[in-house]
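Participant: structure, please.
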Amino acid sequence: MCFRGVSPFGRLIMPPPRRDTMARQEVSGQMKQLVFNPLSQGRMLDVGLLILRVGLSVSLLVLHGYGKIGRFLEGSGKFPDPLGIGSSLSLGLAGFAEFVCALAIVLGFATRLATIPIVVTMGVAVLIVHAGDPLGDKELALLYLIGFVAIFCTGPGRISVDAALSKRK
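Facilitator: Below you'll find the predicted structure:
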């Protein structure tokens, strides 16, 4: 016989787990899966790709591309000519990459194709324009380069125009 939660052998008798305890254990298991499983796929991966894609692209578009497109349309030819193709053409190509291609990446439209001009532009900035500069001066272009190479490798994720178009086929 049991008396006050103690068995005849002197051990405590544990009551069955309560429902709220089981729910907490389930949430705890889901958190462990989310935090510690490097292969966790699903919505969080797509949300992460969306944040990376939109954050990098909007930053590039607003802080760099918009100004270059404006200067190109005004005919302002003051721009470095690192490839020897002319200052105006260099400005136009950089503006196209940093504005038009960045806008396509925000939408997730032709994402891998749109990353190529940006990667080339950032590669030129890091390796040619800022070649002799200290790392701090080429840091931003290097970060953009790394981020857009990552987007090229992963693709846009399921939250994109590309994904919607591929489902229609």
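
Participant: the residue nearest the centre of the chain: which element?
Facilitator: Closest to where the C-alpha atoms of the chain average out (Cα atoms, centre = their mean) is L52, at 1.7 Å. Here L52, judged by DSSP states H and E, is contained in helix 43-60.

Participant: from the middle of its chain, how far away would that helix be?
Facilitator: Averaging C-alpha positions (Cα atoms, centre = their mean, to the nearest Å) puts helix 43-60 4 Å from its chain's average.

Participant: tell me what it is packed against?
Facilitator: Other helices and strands packing on helix 43-60, by 3 or more Cβ pairs under 8 Å, 6 or more residues apart in numbering; DSSP states H and E, are helix 102-107, helix 135-154. C-beta here means a position set from N, CA and C on the backbone, and glycine is covered the same way.

Participant: what element comes up after it heading to the C-terminus?
Facilitator: Using DSSP H and E, the helix or strand that directly follows helix 43-60 along the chain is helix 66-74.

Participant: just checking, next helix/strand downstream of that next one?
Facilitator: Downstream of helix 66-74, the next assigned helix or strand under DSSP H and E is helix 87-95.

Participant: so how far is that following helix off the chain centroid?
Facilitator: Using Cα atoms, centre = their mean, the offset of helix 87-95 from its chain centre is 26 Å.

Participant: in that helix, what counts as buried?
Facilitator: 88, 90-95 (16 or more other Cβ atoms under 10 Å).

Participant: between those residues, which sits nearest G108?
Facilitator: Distances from G108 to these, taken as Cβ to Cβ, are shortest for G95 (21.4 Å).

Participant: what residues are up against that closest one?
Facilitator: Counting by Cβ atoms under 8 Å, 6 or more residues apart in numbering, G95 touches 65, 68-69, 71-72.
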